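Colleague: Output the structure for:
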Amino acid sequence: MIGRTWGRRARAIALAAAALLAGAAAGEAREDAARVPRLTIARLQYDGGGDWYANPSSLPNLLAAIRERTTLRTEKAEARVKLTDEELYDYPYLHLTGHGNVALSDVEVARLREYILRGGFLHADDNYGLDESFRKTMARVFPDRPMVEVPLSHSIYHLVYEFPRGVPKVHEHDGKPPKGYGIFVGDRLAVYYTVESDLGNGWEDPGTYPNDPPEVHEQALRMGVNLFVYAVTSRLP
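Modeller: Predicted coordinates for the structure are as follows:
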């Protein structure tokens, strides 16, 4: 379970994260990183008809960027998980995306709430068309916690790379600016929701979207690195 499993990993991850954030010497960072269990991102599989499997190359590319740019060791492949799976509690970063409907049972709603309250991080990326369904779902998960716009001063925009204007824009849909919303548990940003941004598209293989220039792909990956580093460090004791 999350408390027991994460407890075994927390000290090792703290060493690597501290080396990263404190700017330790390269040799020291590599030595600390060698003690860290390999991590991955879990893609959330949900019912309701939405394409939870969208952007198939996005998470492997993001994991590669994390390996290359930080001291954290990651797997090459994403995990795929349902909220009822026991292994849900092994993943510090849960990713939800799609264009359509999200449908969770009462049991799944309770499991998602428990996962988040016990230290898990949920990143939902609206692939355009997810917004109404996702907001209704999160109102069931956290009827007592509002979803608010994450302030630009928050560390998620500054942890590794600087994003003084917030989440970057990847695709244009209807002329609206990209936004990052969140649900907080105490001071911890536990749910981060990107809208009008399409980060997952920006993580996909170059050339998947011919109109996206390389600098857009780069900005999306940089934001993803920030998200993952925050996810694994914000839950440390």
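Colleague: Ile156 belongs to a strand?
Modeller: No. Going by DSSP: H, G, I helix; E, B strand; the rest coil, the assignment for Ile156 is helix, not a strand.
Colleague: Which pLDDT value does the model give the residue nearest to it when sequence neighbours are not counted?
Modeller: Closest residue to Ile156 apart from its sequence neighbours, by C-beta to C-beta, 6 or more residues apart in numbering: Tyr230 at 5.0 Å. (Each C-beta comes from the backbone N, C-alpha and C, glycine too.) Listed pLDDT for Tyr230 reads 96.
Colleague: separation between Tyr230 and Arg111?
Modeller: 22 Å (C-beta to C-beta, to the nearest Å).
Colleague: These two: which has the busier surroundings?
Modeller: A side-by-side neighbour count of Tyr230 and Arg111, using other C-beta atoms under 10 Å, places Tyr230 first with 24 against 19.
Colleague: contacts for the helix or strand hosting the more buried one?
Modeller: Applying DSSP states H and E as the criterion places Tyr230 in helix 214-234. When contacts are defined by C-beta atoms under 8 Å, 6 or more residues apart in numbering, helix 214-234 is touched by residues 13-14, 17, 20-21, 39, 41, 61-62, 65-66, 69-70, 72, 74, 92-93, 121, 123, 155-161, 163, 167-170, 188-189, 192, 199, 201-203, 206.
Colleague: how about a cut-off of 6 Å?
Modeller: With contacts defined as C-beta atoms under 6 Å, 6 or more residues apart in numbering, helix 214-234 is touched by 13, 17, 62, 65-66, 69, 92-93, 121, 123, 156, 159-161, 168, 170, 188, 199, 202-203, 206.
Colleague: now stretch 87-103
Modeller: Stretch 87-103 is contacted by residues 1-2, 5, 41-44, 46-52, 54, 81, 115, 121-125, 127, 129-130, 133-134, 137, 200, 228, 231-232 when judged by C-beta under 6 Å, 6+ apart.
Colleague: coming back round to it: can I get the buried part of the contacts of helix 214-234 as one ChimeraX selection?
Modeller: A single ChimeraX command selects the buried members of these (16 or more other C-beta atoms under 10 Å):
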select :13,17,62,65,66,92,93,121,123,156,159,160,161,168,170,199,202,203
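Colleague: ok, back up a step: identify those among the contacts of stretch 87-103 that sit within helices.
Modeller: Ile2, Thr5, Tyr115, Ser133, Phe134, Thr137, Gly200, Phe228, Ala231, Val232 (DSSP state H).
Colleague: What's the local residue count around Glu86?
Modeller: 8.
Colleague: any chance you could map the strands in the chain?
Modeller: For the chain, the strands defined by DSSP state E cover 42-44, 79-81, 93-98, 121-126, 148-149, 179-185, 188-195.
Colleague: Low-confidence ranges, this protein, go.
Modeller: Low-confidence segments of the chain (pLDDT under 70): 1-37, 235-237.
Colleague: Go ahead and flag the most central residue of it.
Modeller: His123 (4.0 Å; C-alpha atoms, centre = their mean).
Colleague: Between its first and last residues, how far does stretch 69-79 reach?
Modeller: In stretch 69-79, first residue to last residue: 21 Å (C-alpha to C-alpha, to the nearest Å).
Colleague: List the buried residues of that stretch.
Modeller: Within stretch 69-79, judged by 16+ other C-beta under 10 Å, the buried ones are Thr70, Thr71, Leu72, Arg73, Thr74, Glu78, Ala79.
Colleague: Kind regards, and thank you for your time.
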